[in-house]
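>>> Curious how this folds, go ahead:
(one chain, ligands or ions: 1)
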Amino acid sequence: MKLSLVQKHNPESLLAESAKAIPPSGIRQFFDIVSSMPDCISLGVGEPDFITPWRISDTGILAIKDGCTHYTSNRGLLELRSLIARELASYHGVEYDPDTEIVVTMGVSQGLDIALRSIINPGDEVIIIEPCYVSYAATIRLLNGIPVNVPAHFEEEFRVNCTRLKMAVTPKTKAILLNYPANPTGASLNRETLQEIADLALEHNLIILSDEIYSSLVYGRKHVSMVSIPGMKERTVYLNGFSKSHAMTGWRLGYVAAPVYLTDVMLKIHQYTALCAPSISQYAAIEAIEKSSKDVARMNAEYTRRRNFIAKRFNEIGLPCLYPEGAFYVFPKIASTWLTDEDFALRLLKAEKVAVVPGGVFGAPGEGHIRCSFATSMDNITEAMKRIERFVASL
Ligand code: PLP
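Numbers count the residues shown, from 1 in each chain. From the prediction side, this is the model:
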């Protein structure tokens, strides 16, 4: 009897359709190959090569020693939320109430998850600008939402094209998910474009999800946030965190700032699914905000040096490359090699042991490009560019 039941009932059939349907991250798949090649230079990693500045780590260690190892308030430590509110006011001129309008999360990843869960009903559409961060479409699909792709193109410097954006809005559109400066293209948004997107959001009653995780890493320009556009605080979920700016990816700390009708719902989901962000990381983040601006400036100066070098080298070897406006990626065009981005990446890896990410993993408009991160040492970048030059010449 029991054996026949074993044969009859397949527990795998119990998996959720939405979870089964999403593909594994293209980046992860690619890096499973890379991890088996120890002498490979990786331009594939999407995280700072710097270790967390010591003063921040020390504060985390002290927090452990002092027994600050308990749950915090669901929203996060009030001191941290107050500092975040102070930063938002000073950078963007927008006041957030730390008691009600800020929730500290486990990175922007979790912030985005609770934001999307707060607004998506099955079948709702969320507009994303592709190529974009790999999690966006997958997270929307997991919630039985529909990601609607608006392409951005190299020829338009990967800027958001508002005409195409307008055409993508339907009665089912709930939100527009923006990331600026962008992973993988490095493109950002200026005030005029933000205003156009804001007008669209107002006209069609849309929410803006504004992933500004690279906002502190901009080159020769000032970052402008959607929340600074008049009327937009009321319908924007601002997402940011410490992973990139303070080299704190493993601490898993970020935050959302939004009006109360949104934070109330996000907080409920956060309470039930996470309780709170890691306490130790929250103490460390207080130090990061209060005392680490020099560390951030030091890292940014180094990224600037690398950005100028790598973009120039790609153009010199005949692979057209925009100078990114922010973040730590270049996204050169490899069409002249007549290889697909996937073939290019695989053959480069085999021939020269340099890992780059095929642009297609960031969405179809990324095909024909590769993403190279310059969050690695200048020595690595210099050597990788020699190898890429040799590889391109060999084709
Ligand atoms: N958003 C973008 C655009 C990213 O590139 C990344 C990480 O690469 C994340 C969010 C995830 O950030 P966090 O470490 O804060 O979860």
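>>> ok, which stretches of this structure are helices?
Using DSSP state H, the helices of the chain run over 2-8, 17-21, 26-34, 54-65, 78-92, 107-119, 135-142, 162-168, 191-204, 260-273, 279-291, 293-316, 341-352, 378-394.
>>> same for the first one, what does it pack against?
Applying 3 or more Cβ pairs under 8 Å, 6 or more residues apart in numbering; DSSP states H and E, one finds that helix 2-8 contacts no other helix or strand. Bear in mind the C-beta positions are built from the backbone N, C-alpha and C, glycine included.
>>> if we look at it, which residues are touching it?
The set of residues that contact helix 2-8 without belonging to it, under Cβ atoms under 8 Å, 6 or more residues apart in numbering, is empty.
>>> picking up where we left off before, mean pLDDT for the helices of the chain: which is lowest?
Averaging pLDDT over each of the helices of the chain singles out helix 26-34 as the lowest, with a mean of 69.
>>> residues in the stretch 251-395 of the chain within reach of the ligand, list them.
Residues of the stretch 251-395 of the chain lying close to the ligand (Cβ under 6 Å from any ligand atom) are residue 254.
>>> Just want the residue of the stretch 251-395 of the chain that's nearest the ligand.
residue 254 (4.3 Å; Cβ to the nearest ligand atom).
>>> quick one, what contacts the spatially closest residue to that residue that is not a sequence neighbour?
Counting by Cβ to Cβ, 6 or more residues apart in numbering, residue 254 lies nearest to residue 241, which is 2.7 Å off, once chain neighbours are set aside. Residues counted as contacts of residue 241 (Cβ under 8 Å, 6+ apart) are 105, 107, 108, 111, 213, 253, 254, 255.
>>> so which residue of the protein comes closest to the ligand?
Closest point on the chain to the ligand, by Cβ to the nearest ligand atom, is residue 107, at 2.6 Å.
>>> Touching, that residue and residue 253? I think so.
Yes. In this structure, residue 107 is within contact of residue 253 by Cβ atoms under 8 Å, at 6.4 Å.
>>> shared neighbours of those two, which are they?
Common contacts of residue 107 and residue 253, defined by Cβ under 8 Å, 6+ apart, comprise 241, 243.
>>> Tell me which of these two has more neighbours.
Neighbours per residue (other Cβ atoms under 10 Å) separate residue 107 from residue 253, with residue 253 holding more: 27 against 23.
>>> ok, so what distance separates that one from residue 266?
Separation of residue 253 from residue 266 (Cβ to Cβ, to the nearest Å): 16 Å.
>>> can you list the weak-confidence ranges in the stretch 101-250 of the chain?
Along the stretch 101-250 of the chain, no part satisfies pLDDT under 70.
>>> contacting residues around the nearest residue to residue 25 once chain neighbours are set aside?
Nearest residue to residue 25, sequence neighbours excluded (Cβ to Cβ, 6+ apart): residue 134, at 5.1 Å. By Cβ under 8 Å, 6+ apart, the residues touching residue 134 are 25, 26, 27, 361, 362.
>>> now the residues you listed as TSV including neighbour count and distance to residue 208?
Below are those laid out as TSV (neighbours: other Cβ atoms under 10 Å; distance: Cβ to Cβ, whole Å):
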residue	neighbour count	distance to residue 208
25	13	25
26	17	26
27	18	26
361	22	25
362	28	21
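>>> want to try CSV for those, with distance to residue 98 as columns?
Below are the contacts of residue 134 laid out as CSV (distance: Cβ to Cβ, whole Å):
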residue, distance to residue 98
25, 34
26, 38
27, 35
361, 38
362, 35
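>>> Check the gap between residue 101 and residue 81 for me.
Counting by Cβ to Cβ - residue 101 and residue 81 are separated by 9 Å.
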